[in-house]
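Participant: okay, predicted coordinates and the sequence, questions at the end:
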Amino acid sequence: MIEFSHIIYEIVIWLFLLYSAAVFLIYAWIGIYAFGAVVRYKNENTFTDYSIIAANPNAPVFSLIAPAYNEGMTIVDNVRSLLSLYYHNLEIIIVNDGSKDDSMEKLIQAYELESVSFFVQGDIETKPTRGIYKSKNPAFKKLIVVDKENGGKADALNVGVNISSGEYIVCIDVDCILEQDAVLRLAKPFLEQTDKKVIACGGVIRLANNCKIENGKVTDVNIPKTWLGRSQALEYIRAFVLGRMAWSRASGLILISGAFGAFDRSIVLACGGYDRNTVGEDMELVVRMRRYMEEKKEPYEVVNIPDPLCWTEVPETKDILKKQRNRWMRGTMETLWKHRKLMFNPNYGKLGMVSLPYWFFFEFLGPLVEFSGIIIFFIFLILGIVNWPFFMVLFALVISTGILYSIYAILVDLISRQVYTKRKDFLTLIFTAVIEPFYFHPVVVKAGVKGFVDYFKKSHAWGEMTRQGFSQEDKNLPWKKRVVAIFKLGLRQWGVFAVVFLFLFLLGVLAEWGWYRYNFKTFDTFLLIKSLFVNNILFVFQIIFGMGILYLILNFIKEKWAKTLIIILCTAIVVVQYVLFLYFFESHNILGADILYYSKDEMKQILQASGMLNTKNIALMCLLIVGIFIPFWFAAKSSFKSFYIGAITLVIGLSAFFIPKDTLFSLEAKNENEFEQKAGQSKWAYFLTSNTENFISDHPEISDLINGSETLAADPEMLNQAFPFWRKEKTKDFLGAYLNQAATAPNLVFITVEGLGHAYSSPNGYVGNFTPFIDSLAGESLYWEFNLSSSGRTFGAIPTLTGSLPFGKNGFLEIEKTPEHFNLFNILKKNGFETGFYYGGNSSFDRMREFLEYSKVDHIIDQQLFKAPYRKLPQNNGESWGYEDQAIFGKMLEVQKMQNQPYFNMLLTLSTHNPFLINNSKYYEQLFDKRLQSGQISASQKKWALENRKQLVSVLNLDDALQKFFENYKKRQDFNNTIFVITGDHSMPEIPFETKIDRYHVPLIIYSPLLKEAKRFKKRVSHFDLAPSILAYYRTNYKLHTPSSVAWIGKGLTNDDEDNNEETPLMETKDKLIDYVYRKYHFVDNQLFELQPNLDEDLINNESAKNDMTKRFNLFKAKNNRFHSSKKLLPDSVVSNFMNKKIPKP
């Protein structure tokens, strides 16, 4: 076995070495040849006066074709930019490809267009044209606009080719930015052609990402901001400055970029224009044009010039990049397949003998070879036959060669026409060359492999044709007949699965018997095979019945789901069958539920001691999985002509549940020992039965589940399932590292701002920063920009911030009798703190007072206790929400006396509540206007601000009130020993949310004169994390007594580099618990969003992640429902024992 492995190893290594050597030689030739081409072009064009071409009325006519689809936002400016190009005989054709927006209306209005009769010269078949328009204004005489039915980019370009009258056509993307002299420089090779006809010409494409663009011109060139964009900038330099120039010089170029390229119109027409049935129409057209010229035996060339003529935007997200490269791979494959007969055909010269073979072996096979190399490496690693010194040398050589090639491309670019002139950009490109093989290249390889797979899915998806034929033939059947037809189809398909599964499972039984027969010579092999067969045949038919019913049910919902699930299940069952009998062979015990009671280390020791855990067995297992998966994969592509086989397997399967084994076969006990009896048992049947019984014994509430009661999955932190949130308190001290030690326990002040959303309290918010003081305070504080509130309204703020408490059915505060629990108020009060709550409204609102009274808060200050000179908010229809924020802050400073006893106060503001009526509104409106003119609000933010003026004026009022509060607080002696926590209870729903998560996106600021340093955290946290961290701080640094067990949802604040595995349930309103955040996902109303680092989110279609989120959310809701039913978070004795404990005063 080892000898054979080494032979395979040597063969594979030599194949990869030969391929690598060929790649090295090809790219060395490209580098040298491209350098010569660039130098020659530079020397020949140094003194070229392009103004002569521009002013020459006899210069050839160029028709610039720009297809457009739903470009209404920018089309007028884009066309204006094209009209400003320097070239006398230029015809600009805009093809509106059936846009659904107002593109045509804008063009007609902006350029005074009118429908005209027009002689169409070309005859390429296209979608119908609705009209052809020209301008009544002589200033726009170059412009032709074509309105047509939607047919795709290739079809739109073909319409432009038909309409055009120029000798040459220039095809561009309408959103690309052209240099003013782009057409002039592109025209020069056509004007200089002699005996060889120039049939196509391209230029260098540069990246517009992060460049400054004014009036359709790039005025300031910058390298992209993201490493993904920078890697593509480097890639484009390699491709255009080296690759295209080398192949152009060698007369082997077969690709002109679809973003910008010029073609001989007569050849394009003769070839039939762009192919509408390929995703790589640009490459395919060039190959077809070259093929046409080769077959005509006419001399020609396809050239590329090193001038940067066009600027385009490239993807800067991995998802979009992968889709782009996926499309490129499929386009390459379509072109190579369509023109496969040219490959190695000497009748097509360099095209057939050099260009296409190069694209096949290196551009197409390159990613596949690299991917297969990774797979083979891991196989060799498992087999333990990797020559590590050789591997490390080869790996270093490959990586260093790629880096040096990229750096060489950058240096050659300096000679051609450097666009990245800044020293910083140049050094960034060099650094990008170093990291690109590890960051960017794997993404491109993966996308290429995915494109390869997708190509065959599209071209050979014959497995789905049966369903399509059915739906086309019988879609109008009555529902009963339709159900019967789907059922029969399912049986036909299931029959194939059942036969393959039965064969592979019984093959495993035969392998088990042969294994025993080979290793245990004393076995009665005849009795053993009968026992194995009977026990397993009954089990396998029972499984076939269960999976068959499951398949038929899923097939009614979605055929793909049914097939995918069955492939996975069947493969897993057959593979596990081998694992189970091999385990029995090694341990002489049938594996059952006992697997649950082995620790990881114990299992590892058992497997290693038995010799089962080795690289050889792991490799064999991988091969086994692949070998079993493949037949099921093919089975998914087929179906029987009759449904009877599938029906028969189900009938036999159902009968297997009622057939006693003893009636079929009886063994004589005297001829068998226990080991032989166990050997004859079905290992799978035992494993399944054992674990089922164990599950039932561990979960007596399963009967409740049948009756509709919810069950809770095992949770190692849960102390008692009757109290699902009750757990040991083990929050680590996070804040202590950032705060200086004080002589006495610091005071604590929570400021909870009504509706303080991130969108308008941060420069990064989409509305802009309208809290300048809060923003400046954040710069001196511990600041979490990506913090989530627990609810979409105020009802969840107090329980969450002070107690990290669950919601219950309608919010914790709505529970009629407040459940026994711990919160900051009662814990700190027990430790000698004076406590207070300050609110300008009615504290009975949302049952806040009941919560506060339960917590025995010393000072509950609401609107009933405010008097002059404090002012209420202006009335609206005779009603006022209560007292303004200035009053709340002032009242707190009045009531809270300076003393030796520490205190904890919570302030809940009110002024930023709808209807946003405030005192001194004119003053704050002036501040708002000044804010807009400050230059700190962008144009897009200004638009948002003007639409929400009233709300933001109230925010400025709050910010000003908070600033004065701090100014007055600083005059007090206790200021220096106080910790302030500032956050919002939720975002204003009155300001529209860009994303669903914006409702909960609020800032979190912890400020204190005790702070050692300010720090901005990037990690996502929530209000649930605050109370645990506050108490951990006081417990660790000031020896405060805190409960040993709690019922908190949050686990506390942590550093950015620690994993964020916490769940964050979010309750939008009192009757909507539909949001759930876990890791990078936001699950809301059965939709799954992926959260970005800045808390933006994108709707995604990831069934696996969605299922996981659904499961986690359901578990939380089950816990929450159990709490709501019992109205108990933890045993009453836990709270009473703590509260009755004698604790020394701080």
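Facilitator: Received, thanks. Numbering: from 1, shown residues only.
Participant: so who does residue 137 touch?
Facilitator: 111-112 (CB atoms under 8 Å, 6 or more residues apart in numbering). To be clear about C-beta, it is placed using only N, CA and C from the backbone, and glycine gets the same treatment.
Participant: one more time with 6 Å, if that's ok
Facilitator: residue 112 (CB atoms under 6 Å, 6 or more residues apart in numbering).
Participant: got any ranges where the stretch 301-450 of the chain has weak pLDDT?
Facilitator: 382-384 (pLDDT under 70).
Participant: tell me where it has helices.
Facilitator: 318-338, 349-350, 356-358, 365-383, 388-417, 423-439, 441-459 (DSSP state H, counting those that start in this stretch).
Participant: what of the stretch 101-250 of the chain?
Facilitator: 103-111, 153-163, 182-191, 227-236, 245-249.
Participant: and residue 208, which of those helices is closest to it?
Facilitator: helix 227-236 (10.2 Å; CB to CB).
Participant: okay, angle between that closest one and helix 441-459 too, please.
Facilitator: Between helix 227-236 and helix 441-459, the angle comes out at 80 degrees (axes from the mean of the first three to the mean of the last three CA atoms, to 10 degrees).
Participant: can you show me the CA trace of helix 227-236 as CSV?
Facilitator: Only the C-alpha atoms of helix 227-236 are listed here, as CSV (Å, rounded to 0.1, in the frame of the first residue of the first chain):
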residue,chain,number,x,y,z
TRP,A,227,-7.4,45.3,-0.5
LEU,A,228,-9.8,43.6,-2.9
GLY,A,229,-9.8,46.6,-5.1
ARG,A,230,-6.1,47.1,-4.9
SER,A,231,-5.5,43.5,-5.8
GLN,A,232,-7.6,44.0,-8.9
ALA,A,233,-5.6,47.2,-9.8
LEU,A,234,-2.5,45.0,-9.7
GLU,A,235,-4.2,42.3,-11.7
TYR,A,236,-5.3,44.8,-14.4
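Participant: could you dump the helices of the stretch 301-450 of the chain to JSON lines with mean neighbour count?
Facilitator: Output for those, formatted as JSON lines (neighbours: other CB atoms under 10 Å):
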{"stretch": "helix 318-338", "mean neighbour count": "19"}
{"stretch": "helix 349-350", "mean neighbour count": "17"}
{"stretch": "helix 356-358", "mean neighbour count": "19"}
{"stretch": "helix 365-383", "mean neighbour count": "16"}
{"stretch": "helix 388-417", "mean neighbour count": "15"}
{"stretch": "helix 423-439", "mean neighbour count": "16"}
{"stretch": "helix 441-459", "mean neighbour count": "17"}
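Participant: out of the ones you listed, nearest to residue 874?
Facilitator: Nearest of these (CB to CB): helix 318-338, 49.3 Å.
Participant: what is the burial count for the closest residue to residue 1072 other than its chain neighbours?
Facilitator: Nearest residue to residue 1072, sequence neighbours excluded (CB to CB, 6 or more residues apart in numbering): residue 792, at 7.9 Å. By other CB atoms under 10 Å, 21 other residues sit near residue 792.
Participant: which residues sit in contact with residue 792?
Facilitator: Contacts of residue 792 (CB under 6 Å, 6+ apart): 986, 999, 1068-1069.
Participant: over to residue 591?
Facilitator: Applying CB under 6 Å, 6+ apart, the residues near residue 591 are 580, 583, 687.
Participant: I'd like the distance from stretch 273-290 to the chain centre, please.
Facilitator: Mean C-alpha position of stretch 273-290 versus that of the full chain (CA atoms, centre = their mean, to the nearest Å) differs by 33 Å.
Participant: between the two ends of that stretch, how far is it?
Facilitator: 13 Å (CA to CA, to the nearest Å).
Participant: list the contacts of it.
Facilitator: 124, 154-155, 157-158, 161, 199-200, 254-256, 258, 267, 271, 327, 330-331, 334-335, 339, 351.
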